[in-house]
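**Q** sequence first, predicted coordinates after that:
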Amino acid sequence: MNGQYSAFADVAIFEAVRTPWVDLGGALSQVSPIDLGIKVGREVLARAGIEPQAVDSVLAGSMAQASFDAYLLPRHIGLYSGVAQAVPALGVQRICATGFELLRQAAGQLRDGVQLALCVASESMSRNPIAAYTHRGGFRLGGEVQFKDFLWEALYDPAPGLDMIATADNLARRYGLSREAVDLYACDSHQRGLQAQRDGAWVEEVVAVDNQVFELEGYQPRGIRLARRACAVSEDSHPRPTDLASLTRLRAVHPGGVQTAGNSCAVVDGAAAALVGRASACTRPALARLLASAVVGVAPEFMGIGPAPAIRLLLQRSGLNLDDIGRFEINEAQAAQVLAVAHELELDSTRLNVQGGSLALGHPLAATGLRLVMSLARQLRQHNLRYGIAAACVGGGQGMALLIENPAFGA
């Protein structure tokens, strides 16, 4: 099977945290993704009880050019998180699988002698710019003046000439998924997500965000100022009561399609961070052991099916079967997309996205992968399960999956 497979030995996720996921235009809408990244970077170190000076690699990712200093995102997250000035920082990008790629890159660096890597993914969907790419030389008299919404245009793939919603509609046709089936799945995800929030399922992983200043001796201070006169944000904003009748009334994005605003992922802002090091060096119980990764390419017009071959490759090369996996967290870019993956792999709903997914919570592109992994790891621990797989489709036609293990099992 084509694709890239990597197996990891003695690699652990020591700790992982995230901000609340907050709806587009909400309380986080004016906060730079760098500052959201600094917030979680500082918090993950504090919760792990590890001094920032112990970090010897910084890896950070963000998709949108959401601040004027966006090029400096990895470096500034590291510096303002307290990491030593001599420690280098690297920007990582694999669109919706960026969070996974951060962990993969960190595990690879451990092979080269790194002892502890700080991984941060931060996304401000709200601060995606209105952009122009052809006017550096000025405007011609009577010429076309072209500014476009970067957030909207980023959802379009010019190779097949389709947006991401249309690729999910393609999967619905290929797998015979009706609008009713897609809405039923979405309704279940929304209800699972709301119930999980009520049950406190994400309390351990979410750090409240408030107005604050980040100081760095000898350099300019920076910080967080929340929008809408908010003083603090402590929980995800998108989970809400949702019923099938409400979803059924929504108009499809494309005529004849099945995808709507209600059965597609929510657009949110947020950041997440994880510490990756050697399992043998962890002085307290690790969150999870990172065992392997797989990444594959698929046809862009069916990009949402990507998790299926990635998971197959992961299982084939690791010697495991589907039945060995206690939980699957597969990103819900669109309901038809994740249903197609479930049909392709014959996954049962009792192990798939049991706390809801991005339909209920939202999908801040770069940060989602880290959320999937940290939520999955805590589920394995809570239910005494050994293996879990987190996976996502990737715009342009890719799929990526990670295999993790409950540290209570194995070596």
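**A** Received the coordinates, thanks. All values reported here derive from a predicted model rather than from experimental measurement.
**Q** which parts of the helix or strand hosting Tyr185 are buried?
**A** When elements are assigned from DSSP states H and E, Tyr185 belongs to helix 179-198. Within helix 179-198, the residues that count as buried by 16 or more other C-beta atoms under 10 Å are 179, 181-194, 196-197. All C-beta atoms are positioned from the backbone trio N, CA, C, and that covers glycine.
**Q** which residues touch that helix?
**A** Contacts to helix 179-198, defined as C-beta atoms under 8 Å, 6 or more residues apart in numbering, come from residues 172, 202, 235-236, 239-244, 247-248, 252, 258-260, 262-263, 332, 335-336, 338-339, 349, 353-357, 359-361.
**Q** list the ones among those residues that fall in helices.
**A** Ala172, Leu244, Leu247, Thr248, Ala335, Ala336, Val338, Leu339, Leu359, Ala360, Leu361 (DSSP state H).
**Q** circling back to that earlier point, just the buried residues of the contacts of helix 179-198.
**A** Among those, those buried by neighbour count (16+ other C-beta under 10 Å) are 172, 202, 236, 239, 242, 244, 247, 252, 258-260, 262-263, 332, 335-336, 338-339, 353-357, 359-361.
**Q** most remote residue from the middle of the chain, which is it?
**A** For the chain, the largest distance from the centre (C-alpha atoms, centre = their mean) belongs to Leu141, which lies 44.2 Å off.
**Q** now the helices: where do they sit in the stretch 251-400 of the chain?
**A** Taking DSSP state H, counting those that start in this stretch as the criterion, the stretch 251-400 of the chain contains helices spanning 307-318, 335-345, 358-361, 368-382.
**Q** typo on my end, the stretch 1-150 of the chain
**A** In the stretch 1-150 of the chain, the helices defined using DSSP H, counting those that start in this stretch lie at 33-48, 73-80, 98-111, 150-153.
**Q** quick check, distance from the second one to the centre of its chain.
**A** A distance of 19 Å separates the C-alpha centroid of helix 73-80 from that of its chain, computed with C-alpha atoms, centre = their mean, to the nearest Å.
**Q** show me what that helix is packed against.
**A** Applying 3 or more C-beta pairs under 8 Å, 6 or more residues apart in numbering; DSSP states H and E, one finds that helix 73-80 makes contact with helix 33-48, strand 57-61, strand 89-91, strand 116-123.
**Q** adding mean neighbour count, write those out as CSV.
**A** Formatted as CSV, those follow (neighbours: other C-beta atoms under 10 Å):
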stretch, mean neighbour count
helix 33-48, 25
strand 57-61, 27
strand 89-91, 17
strand 116-123, 30
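**Q** adding distance to Gln146 and mean pLDDT, write the ones you listed out as a markdown table.
**A** What follows is those, written out as a markdown table (distance: least, C-beta to C-beta, whole Å; pLDDT from 0 to 100):
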| stretch | distance to Gln146 | mean pLDDT |
| --- | --- | --- |
| helix 33-48 | 26 | 98 |
| strand 57-61 | 29 | 98 |
| strand 89-91 | 28 | 98 |
| strand 116-123 | 25 | 98 |
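**Q** what's the pLDDT at the spatially most central residue of the chain?
**A** Nearest to the mean C-alpha position of the chain, counting by C-alpha atoms, centre = their mean, stands Thr368 at 1.2 Å. In this prediction, Thr368 carries a pLDDT score of 98.
**Q** correct me if wrong: it contacts Ala333.
**A** No. Assessed by C-beta atoms under 8 Å, Thr368 is found out of contact with Ala333, at 9.2 Å.
**Q** which neighbours do the two share?
**A** In contact with both Thr368 and Ala333: Cys96, Ser358, Ala392, using C-beta under 8 Å, 6+ apart.
**Q** I'd say Ala230 and Ala27 touch.
**A** Yes. Between Ala230 and Ala27 there is a contact under C-beta under 8 Å: 3.9 Å.
**Q** and those two? which has more neighbours close in?
**A** Remark: of Ala230 and Ala27, Ala27 carries more neighbours, 21 against 15, as counted by other C-beta atoms under 10 Å.
**Q** residue contacts, the residue nearest to Gly223 when sequence neighbours are not counted?
**A** Among residues not flanking Gly223 along the chain, Val213 sits closest, at 3.9 Å (C-beta to C-beta, 6 or more residues apart in numbering). When contacts are counted by C-beta under 8 Å, 6+ apart, Val213 touches Pro221, Arg222, Gly223.
**Q** would you check that the first one makes contact with Glu215?
**A** Meaning Pro221. Yes. Counting by C-beta under 8 Å, Glu215 is a contact partner of Pro221 at 5.2 Å.
**Q** which residues of the stretch 1-150 of the chain score low on pLDDT?
**A** By pLDDT under 70, the stretch 1-150 of the chain has no low-scoring segment.
**Q** rerun that using 80 as the cut-off
**A** When residues are selected by pLDDT under 80, those of the stretch 1-150 of the chain lie in 1.
**Q** picking that back up, return the closest of the ones in helices among the contacts of helix 179-198 with respect to Arg18.
**A** Leu361 (10.3 Å; C-beta to C-beta).
**Q** quick revisit: can I get the helices of the stretch 1-150 of the chain in JSON lines with distance to Leu345?
**A** Shown next, in JSON lines, are those (distance: least, C-beta to C-beta, whole Å):
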{"stretch": "helix 33-48", "distance to Leu345": "32"}
{"stretch": "helix 73-80", "distance to Leu345": "35"}
{"stretch": "helix 98-111", "distance to Leu345": "18"}
{"stretch": "helix 150-153", "distance to Leu345": "31"}
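**Q** closest to Pro309 out of these?
**A** Among these, helix 98-111 comes nearest to Pro309, with 15.0 Å by C-beta to C-beta.
**Q** gap between the closest one and the chain center?
**A** On the basis of C-alpha atoms, centre = their mean, helix 98-111 sits 14 Å off its chain's mean C-alpha point.
**Q** quick one: contacts for Ala340?
**A** Ala168, Leu171, Ala172, Arg174, Tyr175, Leu177, Gly304, Ile305, Ala308.
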